[in-house]
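>>> How does the following fold in three dimensions:
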Amino acid sequence: MKIRIHDLAAQEMDEAIEWYELQSKGLGKQFRQIFRDQVRKLARNPTWYLKESDDIYKAFIPRFPYKILYTAEENELVIWAIANMHREPRYWQNRLS
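Predicted coordinates:
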């Protein structure tokens, strides 16, 4: 399955890695690895996860207060946001347009 990450979601990922790395050396790398592991799981069973809304699925990133918001089509998984769960919940929805 092809995985595509929206540009703003990729930016969110970079910012989270940088922030965690500043908090504790190596923590940003842990975040990146756990994120990648979770995306691999999503690619294997994309519709197994909970729905955020009608077409949007969500998967939590273990050990971190983030969730991955994505759509799953036949051959492609599109990650729309890597959302911090302590921030405004629906800020990313305009990306779907």
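>>> helix/strand/coil for D54?
coil (DSSP: H, G, I helix; E, B strand; the rest coil).
>>> Let me know the pLDDT of it.
Per-residue pLDDT puts D54 at 87.
>>> so the residue most central in space within the chain, which of the three states?
Nearest to the mean C-alpha position of the chain, counting by CA atoms, centre = their mean, stands I68 at 2.6 Å. Put simply, I68 is strand when judged by three-state DSSP.
>>> what's near enough to touch it?
If you count contacts by CB atoms under 8 Å, 6 or more residues apart in numbering, I68 has them with F35, Q38, V39, L42, K58, A59, F60, I61, I79, A81, I82, A83. Using the backbone N, CA and C atoms, a C-beta is placed for each residue, glycine as well.
>>> Apply 10 Å and report the result again.
By CB atoms under 10 Å, 6 or more residues apart in numbering, I68 lies in contact with 5, 9, 13, 35, 38-39, 42, 49, 57-61, 77, 79-83.
>>> same deal with R44?
With CB under 10 Å, 6+ apart, R44 has these contacts: M1.
>>> how close does it get to D37?
In this view, R44 and D37 are 11 Å apart by CB to CB, to the nearest Å.
>>> coming back round to it: from W80, how far out is the residue nearest to the centre of the chain?
Remark: distance between I68 and W80 (CB to CB) = 9 Å.
>>> list residues touching both of these two?
With CB under 10 Å, 6+ apart, I68 and W80 have common neighbours I5, A9, Y57.
>>> Could I have the buried ones of those as PyMOL selection syntax?
Burial among the shared contacts of I68 and W80 is assessed by 16 or more other CB atoms under 10 Å; the matching PyMOL selection reads:
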select buried, resi 5+9+57
